[in-house]
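*Asks:* Task: produce atomic coordinates for the following.
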Amino acid sequence: MIAVGRPLLRRASEASRRKKAQGTESGGSGESRNFLALVLVGLLLSAACTEWLGLHYIFGAFLFGAIMPRGGDGGLRDIALQRIEPLCGLLLLPAYFVLAGLKVDLSQLDAADIGTLAAILVVAVAGKVLGAYLGARLGGYGSRPAYALGVLLNTRGVTELVVLGVGLELGLLDGTLYSLMVVMAVTTTALVGPLLNRMLPTAGKSGTTGVQSAPVAPGGAAREESPVSCRACGSAPSPAAPSHSPPP
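*Replies:* Numbering: from 1, shown residues only. The predicted structure is shown next:
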């Protein structure tokens, strides 16, 4: 794929870039459709090859996208992104989530399955959060940023659902275990937002910087207050300037 497919894609991408630079109104749309068809055919062939080799077809699709030329030779890639990405985001990705949800069956769970789900949640959360926390602390991060990093790494989302779907298709997971793992993936992903809002400082949300200003007296003169300190940046307090009242 890398030795043969990438040079061919580079030539096609260069041709696409030349056609785009010419800017001919007559053949621009037709050439774009031809290059898009080339991308789709290569995608399907790559997926079929990996399926024939005994691997899942998603690995072939991923490899075809990874070898696509980028940078100055990325004309073919730009066409693929402009034409395929909106379709995937608006139709194919929601349809995939619908299919993944249809395979989940929680109606037959018993007490043992609930205990298994609790154990899966504990292992999944502890493995991600504690591992990231310890690594961040060893790297010099503070306690709060290290914990926030562990919470962020606790997300699974689309990647986890794709891997679970592959395991179900290959027979590595049964229906019950697949359902439990999907619940774990959705639960750990949904917990990220509330946990981050609870941990991180809320000064940035309110628009304040943590600096307290001295109140103003009704007569317009500022009253003498305690030294002002910046809690956000941790700087040392600066001495307050003495107030001078006008002579009577």
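*Asks:* what bits of this protein have low per-residue confidence?
*Replies:* Residue ranges of the chain with pLDDT under 70: 16-17, 19-32, 71-76, 201-248.
*Asks:* Quick one: end-to-end distance for stretch 164-182.
*Replies:* Criterion CA to CA, to the nearest Å; first-to-last residue distance in stretch 164-182 is 8 Å.
*Asks:* helices or strands up against the biggest helix by length in the chain?
*Replies:* When the chain is parsed with DSSP state H, its longest helix is helix 111-138. Helix 111-138 is packed against helix 143-153, helix 175-190, with contacts defined by 3 or more CB pairs under 8 Å, 6 or more residues apart in numbering; DSSP states H and E. For every residue, glycine as well, the C-beta is placed using N, CA and C.
*Asks:* What segments of this protein are strands?
*Replies:* Applying DSSP state E to the chain gives strands spanning 228-230, 235-238.
*Asks:* about what we covered before: between the helices and strands packed on helix 111-138, which one is closest to L43.
*Replies:* helix 175-190 (26.3 Å; CB to CB).
*Asks:* Could you pull out the buried residues of that closest one?
*Replies:* Neighbour-count burial for helix 175-190 flags 176-186, 188-189 (criterion: 16 or more other CB atoms under 10 Å).
*Asks:* Against which helices or strands is it packed?
*Replies:* helix 111-138, helix 157-169.
*Asks:* Pick the most deeply packed of those helices.
*Replies:* helix 157-169 (a mean of 16; mean count of other CB atoms under 10 Å).
*Asks:* got the angle for that one vs helix 111-138?
*Replies:* If you take axes from the mean of the first three to the mean of the last three CA atoms, to 10 degrees, helix 157-169 sits at 140 degrees to helix 111-138.
*Asks:* by contact count, what packs against helix 157-169?
*Replies:* Looks like helix 157-169 contacts helix 93-102, helix 175-190 (3+ CB pairs under 8 Å, 6+ apart).
*Asks:* what residues does the shortest one touch?
*Replies:* Applying CB atoms under 8 Å, 6 or more residues apart in numbering, the external contacts of helix 93-102 come out as V158, L161, L164, G165, V182.
*Asks:* buried set for it?
*Replies:* Result for helix 93-102 [16+ other CB under 10 Å]: buried residues A100.
*Asks:* cool, and stretch 51-66?
*Replies:* For stretch 51-66, by 16+ other CB under 10 Å, it's H56, Y57, F59, G60, A61, L63, F64.
*Asks:* could you dump those residues to a markdown table with distance to A146?
*Replies:* A markdown table is the format used below for these (distance: CB to CB, whole Å):
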| residue | distance to A146 |
| --- | --- |
| H56 | 35 |
| Y57 | 39 |
| F59 | 34 |
| G60 | 38 |
| A61 | 36 |
| L63 | 35 |
| F64 | 38 |
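*Asks:* So M1 sits against L63, correct?
*Replies:* Yes: look at M1 against L63 with CB atoms under 8 Å: they come within range, at 5.8 Å.
*Asks:* who touches both of these two?
*Replies:* S46.
*Asks:* I'd like to know how many residues surround D78.
*Replies:* 15 (other CB atoms under 10 Å).
*Asks:* any idea how far it lies from A146?
*Replies:* Noted for D78: a distance of 39 Å to A146, by CB to CB, to the nearest Å.
*Asks:* Same question for Y133.
*Replies:* Counting by CB to CB, the gap from Y133 to A146 is 5 Å.
*Asks:* Residues in contact with both of these two, list them for me.
*Replies:* Joint contacts of Y133 and A146 (CB under 8 Å, 6+ apart) do not exist.
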